[in-house]
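*Asks:* The following comprises the amino acid sequence and a computationally predicted model.
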Amino acid sequence: MTTFVDLAAWLEAQPADAALKDVVATIAKTCADISGVVASGALSGSLGAAGSTNVQDEEQKKLDVITNDMLSDALKACAPVAGLASEELEEVEPTGRVGGFLVTFDPLDGSSNIDINAPVGTIFSVLPAPADQAAVEADFLQPGANQVAAGYAVYGPQTMLVLTLADGVNGFTLAADGQWLLTHPAITIKPDTAEFAINVSNQRHWAAPMRRYVDGCLQGKDGPRGKNFNMRWVAAMVADVHRILMRGGIFLYPWDAREPDKPGKLRLMYEANPMSLLIERAGGASTDGVTRTLDVQPTKLHQRVPVVLGSANEVEAVRAEMTAG
Ligand code: FBP
């Protein structure tokens, strides 16, 4: 029988700061707890709308609120955490401690999947905190390249945790006894793919180069790309990114013309940045269509960005189309 290394032993062996390992272990433990709540669904009365909206004016589901509270409480109790920020909270929450780390998170990504028993997940990003003063919002506004750890948990047929710490990307599966076991070590993404993920219902709102790129994929063997493409769309970035880490592909949530001053749907600090670090560390690429996501200097906490990530050669094919005019 195969034996698997558990997360605690794996963390122990990583060349990283003990305090950072503590933060990652706290997030992992909370995700295991969240998995239980998500799995209980209607039995625990946790499905349906919360009757409130978040700072982005999106209707909150009960599970958005429950999972946000679970992660916030756990991180506030975790000594090396100086502050946290969440998709569900308007402002950053300093813990009152100085030094250590800042954590940003989307406690339950893919909200529209919650009530239909389709995959959802938790995404997190860890940044260094200022060493000499209590954290304020400006301290969170660091480019994604500064992240010291990032990852997600996906609550699907199996609950998995995928994370990057010092280097590499590793996947753990939640066992029945609550342990995370290393089942997917050293994940890498193939550079080429013939599978794309995009919400095509927004096609008429996209910029012309994006329409051209997707149209080229849809034309298959007879079009400019000379090969047939397949399409997948889970409607939860966490599950679409997980698929790409498992078998390659490209995920796109581009700028569209409906709200021109919102440059995309997905949020930089707790969706695009952590996913981009994972994708790059696995050998893929992530851009806003042209510019590397991890180099974007955030100007506000809930900033949105266009996202194009996955197999490196396909991300490059999008960039070539976008810069062709
Ligand atoms: P939430 O953070 O509100 O869940 O929104 C993010 C998201 O669910 C992504 O995970 C997903 O890729 C996208 O929205 C799907 O949106 P849509 O189906 O509206 O295009």
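*Replies:* Thanks, I have the structure now.
*Asks:* Show me what from the stretch 201-325 of the chain comes close to the ligand.
*Replies:* Within the stretch 201-325 of the chain, the positions lying close to the ligand (Cβ under 6 Å from any ligand atom) are 235-237, 253, 265. Where C-beta positions appear, they are placed from N, C-alpha and C, glycine not excepted.
*Asks:* try it again with 8 Å
*Replies:* 201-202, 233-238, 240, 251, 253, 265-267, 271 (Cβ under 8 Å from any ligand atom).
*Asks:* buried sites along stretch 201-213?
*Replies:* Across stretch 201-213, burial judged by 16 or more other Cβ atoms under 10 Å covers 206, 209-210, 213.
*Asks:* Show me the residues you listed that map onto helices.
*Replies:* 209-210, 213 (DSSP state H).
*Asks:* Can you tell me which of the residues you listed is closest to the ligand?
*Replies:* Using Cβ to the nearest ligand atom, M210 comes nearest to the ligand of those, at 14.2 Å.
*Asks:* Next one, pLDDT for the closest residue to that closest one other than its chain neighbours please.
*Replies:* Excluding its sequence neighbours, the residue lying closest to M210 (Cβ to Cβ, 6 or more residues apart in numbering) is P254, at 4.7 Å. You'll see P254 listed with a pLDDT of 96.
*Asks:* Return the distance of P254 relative to A25.
*Replies:* Distance of P254 to A25, given as Cβ to Cβ, to the nearest Å: 36 Å.
*Asks:* Between those two, which has more neighbouring residues?
*Replies:* P254 (25 against 15; other Cβ atoms under 10 Å).
*Asks:* so where's the stretch 101-250 of the chain uncertain?
*Replies:* For the stretch 101-250 of the chain, applying pLDDT under 70 flags no range at all.
*Asks:* again, only this time at 90
*Replies:* 111-112, 114-115 (pLDDT under 90).
*Asks:* which stretches of it form strands?
*Replies:* For the stretch 101-250 of the chain, strands defined by DSSP state E, counting those that start in this stretch occupy the ranges 101-109, 120-128, 149-155, 159-164, 170-174, 180-184, 195-197, 230-231, 250-253.
*Asks:* which residues in the stretch 51-200 of the chain form helices?
*Replies:* 62-76, 137-140 (DSSP state H, counting those that start in this stretch).
*Asks:* send the alpha carbons of the last one over as CSV?
*Replies:* The C-alpha coordinates for helix 137-140 follow below in CSV (Å, rounded to 0.1, in the frame of the first residue of the first chain):
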residue,chain,number,x,y,z
GLU,A,137,-3.9,48.9,3.7
ALA,A,138,-0.9,50.4,1.8
ASP,A,139,1.2,47.6,3.2
PHE,A,140,-1.0,45.0,1.4
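*Asks:* picking that back up, give the ChimeraX command for selecting the buried subset of the residues of the stretch 201-325 of the chain next to the ligand.
*Replies:* The buried residues among those can be selected in ChimeraX (16+ other Cβ under 10 Å) with this line:
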select :234,235,236,237,238,240,251,253,265,266,267,271
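*Asks:* Contacts only, for M322.
*Replies:* By Cβ atoms under 8 Å, 6 or more residues apart in numbering, the contact set of M322 is 207, 209-210, 213, 289-290.
*Asks:* excluding its backbone neighbours, what's nearest R232?
*Replies:* Using Cβ to Cβ, 6+ apart, the closest residue to R232 is A197 (5.2 Å).
*Asks:* biggest separation within the contacts of M322, which pair?
*Replies:* Y213 and V290 (12.3 Å; Cβ to Cβ).
*Asks:* re the thing from before, any idea which of the helices of the stretch 51-200 of the chain gets closest to the ligand?
*Replies:* helix 62-76 (7.7 Å).
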